[in-house]
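Novice: with the input below, show me the fold.
(one chain, ligands or ions: 1)
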Amino acid sequence: MEASQKDFENAMNQVKLLKKDPGNEVKLKLYALYKQATEGPCNMPKPGVFDFINKAKWDAWNALGSLPKETARQNYVDLVSSLSPSSEASSQGEPGVHEKVPESEGIVVTSEDGITKITFNRPTKKNAITFQMYNQIIEALKTASTDNSAITVFTGNGDYYSSGNDLTNFTSAAGGMEEAAKTGAVVLRNFVNSFIDFPKPLIAVVNGPAVGISVTLLGMFDAVYASDKATFHTPFSSLGQTPEACSSYTFPKIMGPAKATEMLIFGKKLTAKEAWAQGLVTEVFPESTFQQEVWTKLKRYAKLPPNAMRISKELIRKSEKEKLYAVNAEECTTLQSKWLTEECINAIMSFVSRKAKL
Ligand SMILES: CCCCC/C=C/C(=O)SCCNC(=O)CCNC(=O)[C@H](O)C(C)(C)COP(=O)(O)OP(=O)(O)OC[C@H]1O[C@@H](n2cnc3c(N)ncnc32)[C@H](O)[C@@H]1OP(=O)(O)O
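Specialist: Residues are numbered from 1 along each chain as shown. A predicted model of the protein is given here:
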């Protein structure tokens, strides 16, 4: 039996109520079937090659050829019912310390026991960082620098710490690549400056794999605790990109230029133990006791006199500040031009179109 107009409308409403993002591939299929069901075969001019999102939509719709409207309507209804709430519920992840954190918020900030905790909270996207999240973090750090907490901690919800910059930040930006690269460079510069300026002890609780900027930023942290299932990967060259977050300066200083080269230029992925041996990680814990051991330790540290901690941090970091601002500015200018190169655009496109993974 064919789907009625009413079934089709119900399915459209159901899509809006989905709790879990069904992913880009499914969303493109839904878009194409919707357009075919309502307008028939693709009737739009083909978008330009840099208009990534509209080009992907056009390709998906055009691929349906002359599929009849009624069949497209039925296929749309079938696809939506396969995404029903019962199948969603079963894939919400394991219960655990993070289970109450709502997925819809990219960043969650809590304050308890003298600790401000900033959690990357997009577990279904491996905590990839969107433009919005960069700005939320800048605000969270501003607030944390003057709140009652003694220390500030970053961690990730789910199996990843963070997969780094959300690679769709550029493909989904309005106004074309040049505009997006300009915006990206400004966001990045402000974001990294807010770490350079942060006055209290800043700690990373690296609960799982870390990629890209979530790794390079660790050079700005005062202590880094990692689960033994964490890995540290900066695949900048294969993305046609260059290092950021002052890592072109902090990494050679932390681990020596030869080891920094292996990570930042050749993209060598480190285990937690290797990252510890190279001085990037303070201590590694077995996954089974990681959360308990780390939070017990941090609660103890957060009881130390906050002013003494703040002033000690200032003494340790003060002489570097001007250098770090300058390095940050240069890295951002370099990246702004790299983001417009063919090497980089091809790498991002092949991730977005699912042809390549790290
Ligand atoms: C404006 C400031 C810019 C600062 C400059 C920063 C640079 C960087 O951070 S460079 C590093 C960028 N990150 C990456 O290149 C990682 C890309 N991701 C991957 O290679 C893989 O997703 C993975 C190895 C991290 C995980 O692989 P797997 O376990 O197979 O999981 P999936 O690939 O299926 O991922 C699930 C889901 O999450 C989406 N996703 C993961 N990472 C990102 C990301 N960085 N950007 C955007 N989306 C990401 C992935 O697409 C999947 O989504 P759906 O297909 O919709 O389920």
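
Novice: is the closest residue to residue 110 other than its chain neighbours within a helix or a strand, and which one?
Specialist: For residue 110, the nearest residue in space outside its immediate sequence neighbours is residue 117; the separation is 4.9 Å by Cβ to Cβ, 6 or more residues apart in numbering. All C-beta spots, glycine's among them, are computed from the backbone N, C-alpha and C. For residue 117, the element it lies in under DSSP states H and E is strand 115-120.

Novice: that strand close to the ligand?
Specialist: No. Applying Cβ under 6 Å from any ligand atom, one finds strand 115-120 separated from the ligand by no less than 11.4 Å.

Novice: list the contacts of that strand.
Specialist: With contacts defined as Cβ atoms under 8 Å, 6 or more residues apart in numbering, strand 115-120 is touched by 98, 101, 106-111, 127, 129, 133, 137, 140-141, 143-144, 147, 149-157, 160-162, 214, 298-299, 302.

Novice: and those residues, which of them are buried?
Specialist: Among these, those that count as buried by neighbour count (16 or more other Cβ atoms under 10 Å) are 98, 106-109, 127, 129, 133, 137, 140-141, 144, 149-157, 160-162, 214, 298, 302.

Novice: who's in contact with the closest residue in space to residue 297 that isn't next to it in sequence?
Specialist: When the adjacent residues along the chain are set aside, residue 297 lies closest to residue 225, with 7.6 Å between them (Cβ to Cβ, 6+ apart). Under the criterion of Cβ under 8 Å, 6+ apart, the contact list for residue 225 reads 203, 204, 205, 206, 281, 282, 283, 284, 285, 290, 294, 297.

Novice: check what pLDDT residue 225 gets.
Specialist: On pLDDT, residue 225 comes in at 98.

Novice: what is the neighbour count of the closest residue to the ligand within the chain?
Specialist: The ligand sits closest to residue 212 of the chain, with a gap of 2.2 Å, by Cβ to the nearest ligand atom. Counted by other Cβ atoms under 10 Å, the residues lying close to residue 212 total 24.

Novice: same deal with residue 181?
Specialist: By other Cβ under 10 Å, the residues close to residue 181 number 19.

Novice: secondary structure class for it?
Specialist: Of the three states, residue 181 takes helix according to DSSP: H, G, I helix; E, B strand; the rest coil.

Novice: surely it meets residue 341?
Specialist: No. With contacts defined as Cβ atoms under 8 Å, residue 181 does not count as touching residue 341, sitting 10.1 Å away.

Novice: on that earlier part again, may I have the beta-bridge partners of the residue nearest to residue 110?
Specialist: According to DSSP bridges, the residues that bridge with residue 117 are residue 110, residue 153.

Novice: count of neighbours near it?
Specialist: By the criterion of other Cβ under 10 Å, residue 117 has 22 neighbours.

Novice: much appreciated, bye for now.
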